[in-house]
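Visitor: give the three-dimensional model of this entry:
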Amino acid sequence: MKKIELGEVQTKFAEIVWEKEPIQSGELVKICDAELNWKKSTTYTVLHKLCEKGILQNNNGIVTSKMSREEYYQAKGKQMVHEYFDGSIPAFLAAFTRQKALTVKDVNEIQALIDKYREDNNL
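Guide: This next block holds a predicted model:
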């Protein structure tokens, strides 16, 4: 599994792009100055790093995502389950539910996910 690592600053930056895309790089510099107090060089350095990681792309000064917000967080979730629970969703749920009691609504939503999975995969 390809490991995706974004620090807090890179995640904030990606969130700005996901919220505003497509966005001109010059406009992104202005937003990062206003919201993050960054200089132009910092914005372009972080943009370059996220392009190298395959999260964003900059084509002719237009910045867009190569990986959507949903795809990123989904990949991070899979990565966490793989790293900490040997890929076992039941082990993850067991660990999670030992720390937080599930409400009836939580249980119903989880059951609905399981039912949908069974239906979609003819189980």
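Visitor: report the secondary structure state of residue 5.
Guide: Assigned by DSSP: H, G, I helix; E, B strand; the rest coil, the conformation of residue 5 is coil.
Visitor: just the pLDDT at it, thanks.
Guide: Predicted confidence (pLDDT) at residue 5: the value is 84.
Visitor: so what's it closest to, chain neighbours aside?
Guide: Nearest non-adjacent residue to residue 5, counting by Cβ to Cβ, 6 or more residues apart in numbering: residue 53, 8.0 Å away. For every residue, glycine as well, the C-beta is placed using N, CA and C.
Visitor: correct me if wrong: the one you found contacts residue 4.
Guide: Yes: at 7.1 Å, residue 53 counts as touching residue 4 under the criterion of Cβ atoms under 8 Å.
Visitor: separation between the residue nearest to residue 5 and residue 43?
Guide: From residue 53 across to residue 43, the span is 16 Å (Cβ to Cβ, to the nearest Å).
Visitor: which of those two has more residues huddled nearby?
Guide: Using other Cβ atoms under 10 Å, the more surrounded residue of residue 53 and residue 43 is residue 43, with 22 against 16.
Visitor: which of the helices or strands spans that one?
Guide: Applying DSSP states H and E as the criterion places residue 43 in helix 40-52.
Visitor: by contact count, what packs against that helix?
Guide: Identification of packing neighbours for helix 40-52 by 3 or more Cβ pairs under 8 Å, 6 or more residues apart in numbering; DSSP states H and E yields helix 8-20, helix 25-36, strand 56-59.
Visitor: just name the shakiest helix or strand of the protein by mean pLDDT.
Guide: helix 89-99 (a mean of 86; mean pLDDT, DSSP states H and E).
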